[in-house]
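K.L.:
Predicted model follows, preceded by the sequence.
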Amino acid sequence: KKATPALLEGIDVDGLSADLPRPDPQPVSNLLHNGYPPVLGGWVADLHIVYPNGSIISSYLKQKALMAKIQGMRSKIQQFKDDTPYEKGANPKKVEKFTKQLGKLQKKMEKVHEKVARKVKDTRTAANCEGCFITFNHEESRARCLDDYRASSSWIGRYFQPRSLQFMWSIENQDLGTKTETITSLRVEQAPEPSDIFWEKLHVTDGNRMMRVIGSNLITLTVLLLSFVIALNSASQTQAASEAIASTNYCEHIPAIWYGKYYNHTPGDLWDTTATYWV
């Protein structure tokens, strides 16, 4: 009788006896991994609170891209200066051109710095919690949590969520000396891999995402309608132009209308054979 991987997970159990005792799951016993005291003695190994700072992260990423452009522009200026080791020699015109572009990039960088400073000082957005990433100390805890919150992905499941599964916190008003308890339902799902998370987009809610999708669809529909109207108008204009051109069949009747007959005429009646005609 042999052990199974379910009994000894992550261990090569070939040839081992199933009578070997399996160690009982133990709570978190040290803080060497994160130094966060609240997790000590519990079943949650680590947690990361998500704040609505996606715009700040986006600004930092923009700042990083601008810094790379500024460094590249400075390299171009050094390349064409008077003391350049570049084999083609100095080029004052290019130096002047790149210097102007460098000034524009530096102004953009200053605006980004000011924007980030304003957002960092805005404590009202930094104090709000958008979510939390949790790492359990054992696989059993993760499976138990996902099973308990299996209906939390729908609004109906969150509406009828048991009180024991909801989140409760207290809000203290120091001016009035009061303490208010607030409770809210939770939505718990399996998190993706950390490398697959767009941290600057975590603050986008389902409602905002829905509005963006609707806006994109409306823009696409408008472009299609405009294209259809332009194509239809072009077709109608082409048809009107073709109808305005006289038919070549009329050329057979013009001489007869002029002479009043279709037959019994000589070539001289129609054309002067001694004259020169321009067509």
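P.N.:
Great, that's in hand.

K.L.:
Could you tell me the end-to-end distance of stretch 189-205?
P.N.:
One end of stretch 189-205 sits 15 Å from the other (Cα to Cα, to the nearest Å).

K.L.:
any residues touching it, and which ones?
P.N.:
Stretch 189-205 is touched from outside by 50, 52-55, 57-58, 61, 130-131, 133-134, 146, 152-153, with contacts defined as Cβ atoms under 8 Å, 6 or more residues apart in numbering. For every residue, glycine as well, the C-beta is placed using N, CA and C.

K.L.:
max-length helix in this structure?
P.N.:
Longest helix in the chain, counting residues (DSSP state H): helix 206-244.

K.L.:
Against which helices or strands is the helix or strand where Lys97 lies packed?
P.N.:
Following DSSP states H and E, the helix or strand that holds Lys97 is helix 92-121. Counting contacts by 3 or more Cβ pairs under 8 Å, 6 or more residues apart in numbering; DSSP states H and E, helix 92-121 is packed against helix 54-79.

K.L.:
what about 10 Å?
P.N.:
Applying 3 or more Cβ pairs under 10 Å, 6 or more residues apart in numbering; DSSP states H and E, we find helix 92-121 packed against helix 54-79, helix 123-126.

K.L.:
between it and helix 54-79, how many degrees?
P.N.:
160 degrees (axes from the mean of the first three to the mean of the last three Cα atoms, to 10 degrees).

K.L.:
Give me the buried positions along helix 92-121.
P.N.:
Neighbour-count burial for helix 92-121 flags Val95, Phe98, Leu102, Leu105, Met109, Val112, Val116 (criterion: 16 or more other Cβ atoms under 10 Å).

K.L.:
before we move on, what about stretch 188-201?
P.N.:
Within stretch 188-201, the residues scored as buried using 16+ other Cβ under 10 Å are Val188, Glu200.

K.L.:
just how off-centre is it within its chain?
P.N.:
Distance of stretch 188-201 from the chain centroid (Cα atoms, centre = their mean, to the nearest Å) equals 14 Å.

K.L.:
Grab the most central residue of the protein for me.
P.N.:
For the chain, the residue nearest the mean C-alpha position is Lys201 (7.6 Å; Cα atoms, centre = their mean).

K.L.:
Point out where the stretch 101-250 of the chain drops to low pLDDT.
P.N.:
The stretch 101-250 of the chain contains residues with pLDDT under 70 at 121-127, 246-250.

K.L.:
Could you export the buried residues of helix 92-121 as TSV, including distance to Thr238?
P.N.:
TSV is the format used below for the buried residues of helix 92-121 (distance: Cβ to Cβ, whole Å):
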residue	distance to Thr238
Val95	55
Phe98	50
Leu102	52
Leu105	49
Met109	53
Val112	52
Val116	56
